[in-house]
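Visitor: only geometry, no sequence info:
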């Protein structure tokens with residue numbers, strides 16, 4: 001019973017210490033944490049955790065030489081550094097939205113789409129296919145493509161125009177057959 005009474009008295013003494021620490025240093029500690037985090041809510045969490053640690057180490061605080069304020073600010077800074085390091089150590093969280101799921105979609109559909117586009121490209125004439133390969137797959141300009149193929153830039157433009165028109169028509173025809181939008 002005496003042990004329980006002593007513990008209760010020590011707990012109330014520790015709680016009084018934390019209250020007095022908050023009253024004396026709370027505003028400055030919060031301002032310091034806001035300055036370091038840039039986020040008031042996160043700073044309030046840091047102040048709360050700092051005071052919890054002060055409560056857990058109340059005996060050390062009362063018997064410790066030096067500034068209690070310096071101890072509190074050091075604990076707050078260390079908590080913030082730990083949170084920054086923990087956040088940097090794990091990948092960023094991304095909320096999964098229905099649109100993101102739809103974009104990720106089914107890999108097999110992307111494979112089918114790729115195969116359809118390749119088949120449509122193979123259906124083009126050699127001249128049209130070569131121009132598209134140079135411009136879109138090798139990322140060359142009209143002038144670079146003209147020089148590479150040894151034809152006039154106007155011919156490159158004309159062939160790419162008609163090649164894209166033929167691809168659109170082929171893909172629209174395939175989509176109509178499959179019952180999907182082009």
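Guide: All right, it came through fine. A quick note: this is a predicted structure, and the numbers were derived from the prediction, not measured.

Visitor: in the chain, which spans are helices?
Guide: Using DSSP state H, the helices of the chain run over residues 2-37, 40-56, 58-63, 68-89, 98-104, 107-122, 126-132, 142-149, 153-178.

Visitor: Reformat these as TSV; add mean neighbour count.
Guide: Bear in mind the C-beta positions are built from the backbone N, C-alpha and C, glycine included. Shown next, in TSV, are the helices of the chain (neighbours: other C-beta atoms under 10 Å):
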stretch	mean neighbour count
helix 2-37	14
helix 40-56	17
helix 58-63	13
helix 68-89	14
helix 98-104	9
helix 107-122	12
helix 126-132	18
helix 142-149	16
helix 153-178	15
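
Visitor: Comparing those helices, which yields the minimum mean pLDDT?
Guide: Per-segment confidence across the helices of the chain bottoms out at helix 98-104, which has a mean of 57 in mean pLDDT.

Visitor: end to end, how far does stretch 33-43 reach?
Guide: 5 Å (C-alpha to C-alpha, to the nearest Å).

Visitor: show me what contacts the nearest residue to residue 14 once chain neighbours are set aside?
Guide: Nearest residue to residue 14 in three dimensions, chain neighbours excluded: residue 58, at 4.1 Å (C-beta to C-beta, 6 or more residues apart in numbering). By C-beta atoms under 8 Å, 6 or more residues apart in numbering, the contact set of residue 58 is 13-14, 17-18.

Visitor: Surely residue 160 and residue 140 touch.
Guide: No. Judged on C-beta atoms under 8 Å, residue 160 makes no contact with residue 140 at a distance of 11.1 Å.

Visitor: For residue 55, which non-adjacent residue is spatially closest?
Guide: Excluding the flanking residues, the one nearest residue 55 by C-beta to C-beta, 6+ apart is residue 18, at 4.7 Å.

Visitor: Confirm for me that the one you found is in contact with residue 51.
Guide: Yes. Using C-beta under 8 Å, residue 18 is in contact with residue 51, at 5.3 Å.

Visitor: From residue 139, how far off is residue 40?
Guide: Using C-beta to C-beta, to the nearest Å, residue 40 is found at 48 Å from residue 139.

Visitor: ok, now residue 23?
Guide: Distance from residue 23 to residue 139, counting by C-beta to C-beta: 66 Å.

Visitor: now swap in residue 164 and tell me
Guide: Distance of residue 164 to residue 139, computed by C-beta to C-beta: 16 Å.

Visitor: What residues does residue 69 make contact with?
Guide: Taking C-beta under 8 Å, 6+ apart, we find residue 69 in contact with 25, 28.

Visitor: No further questions, thank you.
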